[in-house]
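Colleague: model the following, please.
(one chain, ligands or ions: 1)
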Amino acid sequence: MTTTQDPKSTRQHEIPSYLDPNNIGPYEIFLEQVERVTPYLGKLAYWVETLKRPKRILVVDVPVHLDDGSVAHFEGYRVQHNTSRGPAKGGVRYHQDVTLSEVMALSAWMTVKNAAVNLPYGGGKGGIRIDPRKYSTGELERVTRRYTTEIGLIIGPEKDIPAPDVNTGPQTMAWMMDTYSMNVGRTATGVVTGKPVSLGGSLGRADATGRGVFVTGAEAMLKLGMPMQGARIAVQGFGNVGEAAARIFHEHGAKIVAIQDVTGTIACETGIDPAVALAHLRQSGSITGLEGTDTLQRDEFWDVACDVLIPAALEKQITLENAGRIQARLIVEGANGPTIPAADDLLAERGVTVVPDVLANAGGVTVSYFEWVQDFSSFFWTEDEINNRLDRIMQDAFRSLWDVKERHGVTLRTAVYIVACTRVLEARALRGLYP
Ligand SMILES: NC(=O)c1ccc[n+]([C@@H]2O[C@H](COP(=O)([O-])OP(=O)(O)OC[C@H]3O[C@@H](n4cnc5c(N)ncnc54)[C@H](O)[C@@H]3O)[C@@H](O)[C@H]2O)c1
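Modeller: This is a model prediction of the structure:
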């Protein structure tokens with residue numbers, strides 16, 4: 001027997017009424033990924049419908065006074081996809097294109113990611129539909145505080161723990177922590193992670209996602225017999241994840257041959273020093289124009305001769321239009337959902353190995369977990385302790401998931417989904433349905 005929302009429906013997926021069936025958005029990618037893993041779930045497939053719909057969605061209006069005295073309203077979301085294995089955990093994104101479908105997909109990927117590296121969390125995600133570049137620091141603070149108050153109904157150190165994502169960072173988390181603490185009448189550092197170190201943040205958190213991208217990428221290179229020294233790396237996205245990943249690969253002898261961000265694309269045959277590129281970006285406001293590099297057209301990024309490609313910007317970047325052109329043998333997904341499923345198939349046919357987002361970028365949430373544990377015990381670890389624990393968790397997860405991939409003859413992404421969905425649904429089955 002199976003469980004469905006509507007036993008009389010003939011659709012492959014039940015599309016909730018709050019999504020547009022003709023334009024489902026990023027959540028469709030997740031639904032397809034669940035479909036692919038279902039044959040491997042055995043008896044637990046009975047519970048698979050649980051994964052296809054988020055447990056809880058909160059849509060909020062975020063009204064704030066702007067500096068000019070007017071009032072602006074922004075759409076805000078917090079989605080808790082699954083809490084079978086523990087409290088929801090996942091970032092908050094500020095972007096003008098945020099949609100409910102996107103936040104649903106991102107929250108679902110957090111469920112899979114947390115289970116893949118065996119953290120005691122479910123999956124959550126939040127977002128505000130805002131272009132933060134257009135607002136002052138004071139306006140962004142007011143947006144953050146009002147949003148935090150609105151979602152304060154469902155977040156909390158034991159319920160749902162937000163963290164940074166695109167266009168949010170330690171300062172955003174400091175405001176969120178302060179707002180939540182004011183509302184509950186005590187300092188609750190454990191309500192968010194990715195905080196500044198002076199406010200209960202963890203050493204090592206800033207680089208953690210990029211470090212995890214490096215660790216899993218290096219493990220994959222070992223498996224594929226690719227030397228690190230001189231390996232040609234192309235990075236899309238030069239923010240928290242992309243910059244740290246590029247820097248750590250560079251420190252280990254790899255060569256960064258191309259970088260693309262929202263401001264443009266640069267390439268250099270002899271390699272780009274990420275520290276110099278970052279200084280140039282900070283000083284000039286653009287990645288282009290860096291001495292010794294060529295500026296490429298945006299689309300030419302995908303043709304760059306490289307061994308490893310790291311998408312670390314936004315979702316749906318690797319599509320059927322560019323997947324056939326990518327020259328890398330290895331793709332390490334720093335971003336969430338950068339590859340659409342059809343492009344994934346094409347890459348697999350072409351023999352390109354993909355370390356999927358739900359494994360490759362799990363370093364951030366792993367150190368967030370360390371931060372949360374440290375906040376609860378008010379006992380803080382050294383950066384070496386954190387990095388060593390992070391490396392071990394990422395290496396162990398990579399190696400055991402690679403074994404599953406070999407055993408089933410599937411892609412690494414499917415292997416991660418098999419292990420993660422099995423863990424989530426096992427918890428579901430053991431807990432049973434309430435009432
Ligand atoms: N920050 C984390 O700890 C973390 C953890 C896991 C996953 N991720 C994922 O990694 C990705 C990047 O997150 P981040 O925290 O580094 O964000 P960020 O805001 O620090 O950086 C985003 C980068 O992407 C670039 N970018 C934006 N639009 C682009 C476009 N159209 N083309 C090329 N580049 C573009 C920006 O210029 C910037 O360099 C997101 O998918 C996020 O969900 C982040």
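Colleague: for the closest residue to the ligand within the stretch 51-200 of the chain, give me its contacts.
Modeller: Nearest residue of the stretch 51-200 of the chain to the ligand: residue 166, at 4.2 Å (C-beta to the nearest ligand atom). For glycine as for every other residue, the C-beta is placed from the backbone atoms N, C-alpha and C. Counting by C-beta atoms under 8 Å, 6 or more residues apart in numbering, residue 166 makes contact with 93, 94, 95, 239, 314.
Colleague: from those, which has minimum pLDDT?
Modeller: pLDDT across the contacts of residue 166 is lowest for residue 314, at 89.
Colleague: double-check it against residue 334; I have them as touching.
Modeller: No: at 10.9 Å, residue 314 does not count as touching residue 334 under the criterion of C-beta atoms under 8 Å.
Colleague: how close does residue 312 sit to residue 131?
Modeller: Distance check for residue 312 against residue 131: by C-beta to C-beta, to the nearest Å, it reads 20 Å.
Colleague: can you pick out the residue with more neighbours from the two?
Modeller: residue 312 (32 against 11; other C-beta atoms under 10 Å).
Colleague: list residues touching both of residue 314 and residue 334?
Modeller: residue 237.
Colleague: out of those two, which sits in the busier spot?
Modeller: Comparing residue 314 with residue 334 by other C-beta under 10 Å, the one with more neighbours is residue 334, at 33 against 19.
Colleague: indicate the residue of this protein located nearest to the ligand.
Modeller: residue 239 (1.9 Å).
Colleague: what residues does the stretch 251-400 of the chain have near the ligand?
Modeller: Residues of the stretch 251-400 of the chain found near the ligand (C-beta under 6 Å from any ligand atom) are 260, 261, 262, 312, 313, 314, 334, 335, 336, 361, 364.
Colleague: each with direction, which strands does the host helix or strand of residue 78 pair with?
Modeller: Assigned by DSSP states H and E, residue 78 belongs to strand 71-82. Paired strands of strand 71-82, with direction, are strand 56-65 (antiparallel), strand 123-129 (antiparallel) (DSSP bridges).
Colleague: okay, those, which one's buried deepest?
Modeller: strand 123-129 (a mean of 29; mean count of other C-beta atoms under 10 Å).
Colleague: which elements pack onto the next helix or strand after that one?
Modeller: Going down the chain from strand 123-129, the next helix or strand is helix 137-151, by DSSP H and E. Judged by 3 or more C-beta pairs under 8 Å, 6 or more residues apart in numbering; DSSP states H and E, helix 137-151 is in contact with strand 56-65, strand 71-82, strand 88-95, strand 123-129, helix 170-184.
Colleague: what lies in contact with the helix or strand following helix 137-151?
Modeller: Per DSSP H and E, the first helix or strand lying C-terminal to helix 137-151 is strand 160-164. With C-beta under 8 Å, 6+ apart as the contact definition, strand 160-164 has outside contacts at 78, 80, 83, 87-92, 121, 124, 126, 154-155, 170, 172-173, 176, 190-194, 240, 364-365, 368, 372.
Colleague: just to revisit the earlier point, TSV for the strands paired with strand 71-82, including distance to the ligand?
Modeller: Formatted as TSV, those follow (distance: least, C-beta to the nearest ligand atom, whole Å):
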stretch	distance to the ligand
strand 56-65	19
strand 123-129	9
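Colleague: dump those strands to JSON lines, plus mean pLDDT.
Modeller: Shown next, in JSON lines, are these (pLDDT from 0 to 100):
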{"stretch": "strand 56-65", "mean pLDDT": "98"}
{"stretch": "strand 123-129", "mean pLDDT": "98"}
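Colleague: can I get these in TSV with distance to residue 200?
Modeller: Listed next are the strands paired with strand 71-82 as TSV, based on distance: least, C-beta to C-beta, whole Å:
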stretch	distance to residue 200
strand 56-65	25
strand 123-129	20
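Colleague: residue 122 touches residue 80, doesn't it?
Modeller: Yes: with contact defined as C-beta under 8 Å, residue 122 reaches residue 80; the gap is 6.9 Å.
Colleague: shared neighbours, the two?
Modeller: 55, 88.
Colleague: where does the chain dip in pLDDT?
Modeller: For the chain, the stretches flagged by pLDDT under 70 are 1-13.
Colleague: how's it carved up into domains?
Modeller: The record's domain parsing of the chain by automatic domain parsing lists 2-187, 208-351.
Colleague: save the ones you listed as JSON lines, and put in distance to residue 422 too.
Modeller: Formatted as JSON lines, these follow (distance: least, C-beta to C-beta, whole Å):
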{"stretch": "domain 2-187", "distance to residue 422": "6"}
{"stretch": "domain 208-351", "distance to residue 422": "20"}
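Colleague: these: which one's closest to residue 427?
Modeller: domain 2-187 (4.1 Å; C-beta to C-beta).
Colleague: follow-up on the earlier one: next step: the residues of the stretch 251-400 of the chain next to the ligand restricted to helices.
Modeller: Counted as lying in helices by DSSP state H, out of those, are residue 364.
Colleague: so which of the residues of the stretch 251-400 of the chain next to the ligand sit within strands?
Modeller: 260, 261 (DSSP state E).
Colleague: picking that back up, for the buried ones among the contacts of residue 166, write the corresponding ChimeraX selection.
Modeller: Restricted to buried positions by 16 or more other C-beta atoms under 10 Å, the ChimeraX selection for these reads:
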select :93,94,95,239,314
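Colleague: which one of the contacts of residue 166 is nearest residue 43?
Modeller: Looking across these and measuring by C-beta to C-beta, the closest to residue 43 is residue 93, at 36.1 Å.
Colleague: hmm, residue 126 and that closest one touching each other?
Modeller: Yes: between residue 93 and residue 126 there is a contact under C-beta under 8 Å: 7.2 Å.
Colleague: spit out the residues that contact those two alike.
Modeller: Joint contacts of residue 93 and residue 126 (C-beta under 8 Å, 6+ apart) are residue 103.
Colleague: just give the number of residues close to residue 276.
Modeller: Neighbours of residue 276 (other C-beta under 10 Å): 13.
Colleague: quick check, it in a helix?
Modeller: Yes: assigned with DSSP: H, G, I helix; E, B strand; the rest coil, residue 276 falls within a helix.
Colleague: please list all residues in contact with it.
Modeller: residue 290.
Colleague: in the longest helix along the chain, what counts as buried?
Modeller: Secondary structure of the chain per DSSP H: the longest helix is helix 383-408. Residues of helix 383-408 classed as buried: 386-387, 389-391, 393-394, 397-398, 401-402, 404-405 (neighbour count, 16+ other C-beta under 10 Å).
Colleague: ok, then the element right after that helix?
Modeller: helix 412-431.
Colleague: contacts only, for the residue of the chain closest to the ligand.
Modeller: Per C-beta under 8 Å, 6+ apart, neighbours of residue 239: 166, 261, 312, 313.
Colleague: quick one: residues contacting the last one.
Modeller: In this structure, residue 313 makes contact with 236, 237, 239, 242, 260, 261, 262, 335, 338, judged by C-beta under 8 Å, 6+ apart.
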